[in-house]
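# got a predicted structure plus its sequence, pasted below:
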Amino acid sequence: MIRALVITVSNRASSGVYADKSGPLLVDLLRGEAGCETVEGPVLVPDGEAVERALREGVAGGFDVIVTTGGTGLTPLDLTPEMTARVISREVPGIAEAIRQANREKVPTSVLSRGLAGQAGKSLIVNLPGSSGGVRDGIAVLAPILRHAVDQIQGGDHPR
């Protein structure tokens, strides 16, 4: 049973300027394609320190996977990777690289995402871009490996 938490990082959505679209989509995809039994959120937070707090709360809450959407770009306020780096103890660079490459032919700017993936305690944290397309591409990469990654983090052995 995989318990997931979705965190949407957006100054404008968290302040009510517009509705969060990528967070609810991510919740649906984690329940559907990724097969997570429990998905909480989206928790809406502004860019910056609030991201670190939300991630630490998710780890303390025992979530198996915490997926963020937003704050991975190049603007000065895009700090999700920096906040994630403060929380993870081990990076899993292959996940983030695969997400950046997933739809690169159609969306060349996908390589500009600075999202990270890594382990914090018994939680897998994955940063996805804030766009709906970036969320879909990210889940296409994450869904086939999620159960195995969570099992490994929790001490499981490789299937024989």
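Okay, I see it.

# which secondary structure state does the residue minimising distance to the centre of the chain sit in?
Nearest to the geometric centre of the chain sits Val67, at 2.5 Å (Cα atoms, centre = their mean). Three-state assignment for Val67 (DSSP: H, G, I helix; E, B strand; the rest coil): strand.

# which helix or strand contains the residue found closest to it once you drop the neighbours it is linked to in the chain?
Of all residues not flanking Val67 in the chain, Val126 sits nearest, at 5.0 Å (Cβ to Cβ, 6 or more residues apart in numbering). From N, CA and C alone the C-beta is placed, and that goes for glycine too. Assigned by DSSP states H and E, Val126 falls within strand 123-128.

# check which helices and strands that strand sits against.
On a contact count with 3 or more Cβ pairs under 8 Å, 6 or more residues apart in numbering; DSSP states H and E, strand 123-128 meets helix 49-60, strand 65-69, helix 80-87, helix 93-101, strand 117-120, helix 132-153.

# tell me what Val43 is bridged to.
In this entry, Val43 is beta-bridged to Ile7, by DSSP bridges.

# what about it, how many neighbours?
19 (other Cβ atoms under 10 Å).

# same deal with Ile153?
Ile153: 18 neighbours (other Cβ under 10 Å).
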